[in-house]
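**Student:** Here is my input, please return the structure:
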Amino acid sequence: MATATAASTLSWLHRFGRTQNETIKVTERNRVIVVFAQKKAKKARKIILKEDVEYLGKKGQLLDVKAGYFRNYLFPMGEAQIITPSLLKEMKMEEERIEAEKQRVKEEAQQLALIFETVGAFKLKRKGGKGKLIFGSVTAQDLVDIIKAQLQRDVDKRIVSLPEIRETGEYTAELKLHPEVTARVRLNVYAN
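**Tutor:** I've put the predicted structure just below:
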């Protein structure tokens with residue numbers, strides 16, 4: 001039987017240009033070696049940051065980081081988590097909720113801007129000086145006090161942008177209610 005196997009191996013090897021010596025080496029081996037291919041270890045992990053990490057990214061950001069960095073630093077410190085399908089779904093729902101909240105805040109700011117612009121002019125009395133001059137100047141806090149008295153709305157003075165007002169007349173102030181919404185308010189300053 002060994003000679004039949006050697007002959008069949010010999011004819012097969014001659015087709016590919018092999019020599020007789022190689023066939024002997026093949027037939028002399030009786031052991032079979034099975035090699036399983038192993039996958040390369042993943043060198044990067046897909047993660048989501050739970051909090052801001054200096055030089056890496058902001059909270060909620062999706063990143064690829066080296067496995068050792070994740071395993072030895074980010075995960076033990078509680079700064080990152082491996083992405084899973086359920087986590088992605090949860091993240092998407094959270095983004096939609098945040099987007100809806102931003103839209104609601106913007107709509108409220110637009111309604112407030114409409115109220116401010118339809119009110120007309122706010123009137124402010126100041127002690128008069130020579131001609132059109134007034135004593136002192138009109139500040140953002142003065143405008144906030146008038147809005148609170150007339151409309152019962154609390155407005156932060158930091159969002160009020162006023163030109164320098166040192167004499168009587170009509171002026172326009174801007175209220176930055178939202179990064180995308182600005183209301184213009186007319187202000188009449190007159191002397192006693």
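
**Student:** CA only for contacts and neighbour counts going forward, please
**Tutor:** Fine.

**Student:** Contacts only, for the closest residue to Lys59 other than its chain neighbours.
**Tutor:** Once flanking residues are discounted, Lys59 sits nearest to Glu51: 4.3 Å by C-alpha to C-alpha, 6 or more residues apart in numbering. By C-alpha atoms under 8 Å, 6 or more residues apart in numbering, Glu51 lies in contact with Lys58, Lys59, Gly60, Glu79, Ala80.

**Student:** Glu117: how many residues sit nearby?
**Tutor:** When neighbours are defined as other C-alpha atoms under 10 Å, Glu117 has 14 of them.

**Student:** Run through the neighbouring helices and strands of the host helix or strand of it.
**Tutor:** Taking DSSP states H and E as the definition, Glu117 sits inside helix 85-119. On a contact count with 3 or more C-alpha pairs under 8 Å, 6 or more residues apart in numbering; DSSP states H and E, helix 85-119 meets strand 169-178, strand 181-191.

**Student:** quick one, what contacts the closest residue in space to Ala44 that isn't next to it in sequence?
**Tutor:** Distances taken as C-alpha to C-alpha, 6+ apart place Lys66 nearest to Ala44, at 4.3 Å, with adjacent residues excluded. Contacts of Lys66 were listed using C-alpha under 8 Å, 6+ apart, and they are Lys43, Ala44, Arg45.

**Student:** got it, and Lys157?
**Tutor:** Residues in contact with Lys157 (C-alpha under 8 Å, 6+ apart) are Ala140, Gln141, Val144.

**Student:** Which among those count as buried?
**Tutor:** Among the contacts of Lys157, the ones that count as buried by 16 or more other C-alpha atoms under 10 Å are Ala140, Val144.

**Student:** Closest to Leu88 out of the contacts of Lys66?
**Tutor:** Closest approach between these and Leu88, by C-alpha to C-alpha: Arg45, at 14.9 Å.

**Student:** didn't the closest one look like it was pressed against Ile82?
**Tutor:** Yes - Arg45 lies in contact with Ile82 (C-alpha atoms under 8 Å); the separation is 7.1 Å.

**Student:** the more surrounded of those two?
**Tutor:** With neighbours defined as other C-alpha under 10 Å, Arg45 and Ile82 compare such that Arg45 has more, 18 against 15.

**Student:** any chance of the contacts of Lys157 in TSV, with secondary structure too?
**Tutor:** Formatted as TSV, those follow (DSSP: H, G, I helix; E, B strand; the rest coil):
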residue	secondary structure
Ala140	helix
Gln141	helix
Val144	helix
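
**Student:** Out of the contacts of Lys157, flag the one nearest to Arg158.
**Tutor:** Closest to Arg158, out of all of those and judged by C-alpha to C-alpha, is Ala140, at 7.8 Å.
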